[in-house]
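Student: build me a model:
(chains A, B and C)
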Amino acid sequence: MPLANTSTTVPVLVDEGKCIADKGCTVCVDVCPLDVLRISELTNKAYMKFDECWYCMPCEADCPTGAVTVNIPYLLK
Amino acid sequence: MTFEPFEAFSDVEDLAGKLRDPDPSVRRVAVMELADTADPEAVALVGGALKDGSAEVRLQAAIALGEFDGAETAACLVVGLVDDDPRVARAAADSLAELKDPVAADPVFPLVEHERPFVRAAALRALKELRRRESLAHGLRALDDPDAHVRIEAIGVIGYLKAEEALPALIASGKDEVPEVRRTAVGALAFARSSHAGEALMRALDDEDWSVREVAAEMLGKTGVTRAVAPLMARMDDRDWQVRVKVVRSLGQLHAVEAVPLIAAALGEEVSNLRKEAAAALGEIAHPSSRPYLERYADDPDPDVRKNVRWALGRIG
Amino acid sequence: MDEIKDGLSEIECDVLVIGGGTAGPMAAYKAKMKNPDAKVVLLEKANVKRSGAISMGMDGLNNAVIPGHSTPEQYTKEITIANDGICDQAAVYKYAQHCYEIIEELDKFGIRFQKDENGDYDVKKVHHIGTYVLPMPNGETVKKALYRQLRRARILISNRFMATRLLKGRSGRIAGAVAVNTRTAEFLVVRAKSVIMSMGAAGRLGLPTSGYLYGTYENAANSGEGYAMAYHAGAKLANLECFQINPLIKDYNGPSCAYVAGPFGGFTANSRGERFIECDYWSGQMMQEFYNELLSGNGPVFLKLNHLHKETADHIEQILHTVERPSRGRFHEGRGTRYHETMIEMHISEIGFCSGHSASGVFVDDCARTTVPGLYAAGDMASVPHNYMLGAFTNGAFAGEDAVAFAGEVDFEDYDREEVAREQERVLAPTRREDGIPPNQIEYKARRLVNDYLQPPKVTRKYELGQARLAEVRDDMENHMVARDAHELMRAMEVTSILDCADMAAFASLYREESRWGLYHWRTDHPERNDEEWKCHVLLSKQDGRMTCEKHPVQPYIVPISEEEKDAYYKQRIKAEA
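Tutor: Numbering: from 1, shown residues only, chains lettered A, B, ... in the order given. This is a model prediction of the structure:
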């Protein structure tokens, strides 16, 4: 039963210009109840790794620099 | 060493070093970490960050101080409140409003006289929840402030203290030129049982602003001003149904038997909220004369109206 | 991050609290306050800062019993009636007596309740009889304030550890729990003298109509681990057939917030803009009426605020868009809907277990004790009915205080090391496979089947088909599920809880051969309520490895309910319409 990679559009967007994850900030990754955000090893900025979002918004509300935007997932918007 | 899979209680001293990092983003992260320590030792350091050259760091510090309490925290926030950057000042105002320890009022008092209306309003907002008797004089003086926001916060301070001696001043604020000030003042009168307060509430029934009339109508029932029945009845023709709802509710609370025909007429209103309130009020008054009216509306299309009609009829027996 | 590592550590504590949402932090705090020398550990699958049902905040208390506004007796009576009489009143009454103290304590924590201009709680009358609603228009700081208290009290918080099974000793007493790290798959055994479970609702049981797995009514992290773990530990679970189904904003799946809009004059309306709900209190009966209207020619159902002043409607909008589920503002923006202009389409939620809104939960007494010695449960997963956020706080407090006292009287219970090894193997099995079915597909299928077969109206033949299909999915899950990293392993473990809950939902529903609680347990082939046979709890448990159900008597009422009062209530009722 081979696995496939199916593409999906993710609701949480991070403005890399504003994100200070490279300075040691992990707020958005910490506060996500579904644990779907990660810091990229390539860019050292936060991004949404898993499309498993409750669109609850702590990542956006708690981000100190206003870098995170939560959109409503496409399937229900 | 045993395995300790717990959130660390970071050492405040270590974080102090990070606060001196040349990169403001690193300093900002340090401020957040200091807030998470919940260690009172951190207050001075976070307070120091309110003097940082970077507005972003100062903003973070103002937010972080919301995690602490006491006079030292208040003294730090006072610095943030007069910051030139409005974001920092707003955050400091919000954090000041979170303070719970009454001693935190001391550093705040002088700011009630500050030249900027924003600062004066924020100081009064913080004092409200702290409920110190000394705040009363500040509140009373601020009732004459040229800025409406300051006047509203001043009413808050006085209202929370429930100070009888401040009644004349509160009553005067009920005539303020700004509707929101009048509404707040009328709401703050609710604790008073004096006849002057009652009269002020009755006068407010004729206010030009609907929301002031609404609060006045509500408060008259809540405070049990029986003399208010006639003026309330006169308000049953208010053009605004949300006001009429409160009028009906208060007439019910006041057990105004003489208002029964008028309330019964409201059973025919188009807005179902009003019909429902009328039925409930008739139930509270429970006078036999309302029975025929209620029976006529026993099959109202609205279930909440029907329910209240049933309840009212049950009360009349 | 996320790559699977080998590892097993063990720690010890007096009181282990599993779940850091609402009840858990309060339980940990109260335990620590009562005995500052006790070692209290709070374990959380996510991060305590923002975990649980109240992640972003809460816009009001629905069940505040505040002196001068309502009495414990009155509240107990209402909850008993709303639960069709199936209610052990002791726990409800105790809650009602103490919840005001908790409100005052939360106020000191910095949790913001609405106050009038004199600083008194601004309690609102929403229900026909009692007055229980205390709005929290600025309630977005609940978690922040709680977290601050936990840090000040120096509670040991262990984030990103997902408990998978409880450990018991030979005597049957609780010994601790096994947990797995959600980012490394390393194991942690926590030995504890008492354990409090506060792991939330089973909110990922049915599938939302949008088809998005995480677009649930409850916080999607609440996937029912508490129910599954209690079951496997041999604890009894009460009235699981009394499902949770809630009114909500269609597609967005967030709460409809009649409690917020009610005091301002907003209400739930049919397509003609008229009220249709007869029922007084939030209950399965209310949901039956909602369901009937949805399917009738008067449907669909709407939240109606457009008869209010624009300023009033805007004010409600502002509260709803900033406090509990703030992304709903963004949702309405996308749809171009404004509350003052148009009625907002509503729907009903997918099914779940949640005593916060209904009554399904791990069976507890008035001290939050389960049927396993040393094991406690509080919040949405415990059986105290309709307890909402304030119930989670209050019952969490009872649990914390009792559990720390219990821990003071006993020593650590021994556990079987073999059991831990077996549990490691069970958990890690999906990571040992090279190939197979990913957890999201197993989850989708299981939850789709829950919708197809278990959602009320409950039809016996459909339930039997559902059980057969779910058994096939279980076989796939146990033998073919594959997890490629630690994060996916967490999802895989959640799927096991979801399937356990689905099985329990089906089994309990088939056992109770009557209809009760309105829509929650509407059995088309047993359409009548049968008090003679079924005015009792149904307790489900695992005995000799098999699921069983038993009848259990309702404790004699403390607050008597007269026949007249019951009649008055039933007369208002609207029958189920097939």
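
Student: mind listing the helices for the stretch 1-150 of chain B?
Tutor: Ranges of helices within the stretch 1-150 of chain B are B:12-18, B:24-37, B:42-49, B:55-64, B:71-81, B:86-96, B:117-130, B:135-142, B:148-161, based on DSSP state H, counting those that start in this stretch.

Student: OK, contacts around residue 9?
Tutor: Answering for chain A, as no chain was given. A:51, A:74 (C-beta atoms under 8 Å, 6 or more residues apart in numbering or on different chains). Quick note: C-beta positions are derived from backbone N, CA and C, even for glycine.

Student: nope, chain C
Tutor: Contacts of C:Ser9 by C-beta under 8 Å, 6+ apart are B:3, B:5, C:186-189.

Student: spell out which parts of the stretch 51-200 of chain B neighbour chain A.
Tutor: Counting by C-beta under 8 Å from any C-beta of the partner chain, the positions of the stretch 51-200 of chain B adjacent to chain A are B:56, B:60.

Student: where does the stretch 51-200 of chain B have low pLDDT?
Tutor: Under the criterion pLDDT under 70, no range of the stretch 51-200 of chain B is flagged.

Student: re earlier: of the contacts of C:Ser9, just the buried ones, ChimeraX syntax please.
Tutor: This is the ChimeraX syntax for the buried subset of those, where burial follows 16 or more other C-beta atoms under 10 Å in any protein chain shown:
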select /B:5 /C:186,187,188,189
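
Student: looking at the contacts of C:Ser9, which are in strands?
Tutor: Counted as lying in strands by DSSP state E, out of these, are C:187-189.

Student: these into JSON lines, with extra columns for distance to chain A and pLDDT?
Tutor: Listed next are those as JSON lines, based on distance: C-beta to the nearest C-beta, whole Å; pLDDT from 0 to 100:
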{"residue": "C:Phe187", "distance to chain A": "18", "pLDDT": "97"}
{"residue": "C:Leu188", "distance to chain A": "17", "pLDDT": "97"}
{"residue": "C:Val189", "distance to chain A": "22", "pLDDT": "98"}
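
Student: just those residues now: which is nearest A:Val70?
Tutor: Proximity of the ones in strands among the contacts of C:Ser9 to A:Val70 (C-beta to C-beta) peaks at C:Leu188, which lies at 31.3 Å.

Student: so the closest one makes contact with C:Ala179?
Tutor: Yes - taking contacts as C-beta atoms under 8 Å, C:Leu188 lies within contact range of C:Ala179: 4.6 Å.

Student: and for the two, which residues touch both?
Tutor: What both C:Leu188 and C:Ala179 touch, as defined by C-beta under 8 Å, 6+ apart, is the set C:Phe161.

Student: give me phi/psi at the residue nearest to the spatial centre of chain A?
Tutor: Nearest to the mean C-alpha position of chain A, by C-alpha atoms, centre = their mean, lies A:Met48 at 3.2 Å. Reported as degrees, to the nearest 10, the phi and psi values for A:Met48 are phi -90, psi 120.

Student: give the contact list for it.
Tutor: With C-beta under 8 Å, 6+ apart, A:Met48 has these contacts: A:10-14, A:36-37.

Student: return the members of these classed as buried.
Tutor: Here, 16+ other C-beta under 10 Å leaves A:10-12, A:14, A:36-37 buried among the contacts of A:Met48.

Student: let's see which of these end up in helices.
Tutor: Using DSSP state H, no member of those falls within helices.

Student: hang on, C:Thr164 packs against C:Gln424?
Tutor: No - using C-beta under 8 Å, C:Thr164 is not in contact with C:Gln424, being 9.3 Å away.

Student: and the residue of chain B that's closest to chain A?
Tutor: B:Ser25 (3.8 Å; C-beta to the nearest C-beta).

Student: just the closest residue of chain A to chain B, please.
Tutor: Closest point on chain A to chain B, by C-beta to the nearest C-beta, is A:Lys23, at 3.8 Å.

Student: so, low pLDDT: which residues of the chain?
Tutor: All of this refers to chain A. Using pLDDT under 70, chain A drops low at A:1.

Student: I was thinking of chain C, sorry if that wasn't clear
Tutor: In chain C, residues with pLDDT under 70: C:127-129, C:567-578.

Student: same thing but at 50, please
Tutor: Low-confidence segments of chain C (pLDDT under 50): C:578.

Student: the residue nearest the centre of chain B: what's it in contact with?
Tutor: Nearest to the mean C-alpha position of chain B, by C-alpha atoms, centre = their mean, lies B:Gly156 at 7.1 Å. Counting by C-beta under 8 Å, 6+ apart, B:Gly156 makes contact with B:124-125, B:128, B:184, B:188, C:117.

Student: and which of the residues you listed is nearest C:Arg447?
Tutor: Of the contacts of B:Gly156, the one sitting nearest to C:Arg447 (C-beta to C-beta) turns out to be B:Arg125, at 47.4 Å.

Student: I'd say that closest one and B:Glu153 touch.
Tutor: Yes - using C-beta under 8 Å, B:Arg125 makes contact with B:Glu153 at a distance of 4.9 Å.

Student: reformat the ones in strands among the contacts of C:Ser9 as TSV; add distance to C:Gly20.
Tutor: Below are the ones in strands among the contacts of C:Ser9 laid out as TSV (distance: C-beta to C-beta, whole Å):
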residue	distance to C:Gly20
C:Phe187	19
C:Leu188	15
C:Val189	19
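
Student: keep only the residues you listed that also lie close to chain B.
Tutor: C:Leu188.

Student: so which of the ones in strands among the contacts of C:Ser9 is the closest to chain B?
Tutor: C:Leu188 (6.0 Å).

Student: name the residues of the stretch 101-250 of chain B found near chain C, please.
Tutor: Looking at chain C, the residues of the stretch 101-250 of chain B close enough under C-beta under 8 Å from any C-beta are B:128-129, B:131, B:155-156, B:159-160, B:162, B:184, B:187-188, B:190-191, B:210-211, B:240, B:242, B:245.

Student: ok so, going back, which of B:Arg125 and B:Glu153 has more neighbours?
Tutor: A direct count of neighbours by other C-beta atoms under 10 Å in any protein chain shown for B:Arg125 and B:Glu153 places B:Glu153 higher, at 25 against 21.

Student: ok, the more buried one touching B:His138?
Tutor: No - the criterion here is C-beta under 8 Å, and B:Glu153 misses it with B:His138 at 10.3 Å.

Student: common neighbours of those two, please.
Tutor: With C-beta under 8 Å, 6+ apart as the test, B:Glu153 and B:His138 both reach B:Leu124.

Student: need the helices of the stretch 1-150 of chain B in a markdown table with distance to C:Phe412, can you?
Tutor: As requested, the helices of the stretch 1-150 of chain B are exported to a markdown table (distance: least, C-beta to C-beta, whole Å):
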| stretch | distance to C:Phe412 |
| --- | --- |
| helix B:12-18 | 35 |
| helix B:24-37 | 31 |
| helix B:42-49 | 36 |
| helix B:55-64 | 40 |
| helix B:71-81 | 41 |
| helix B:86-96 | 44 |
| helix B:117-130 | 45 |
| helix B:135-142 | 53 |
| helix B:148-161 | 50 |
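
Student: got the residue ranges for the helices in chain A?
Tutor: A:27-31, A:58-62.
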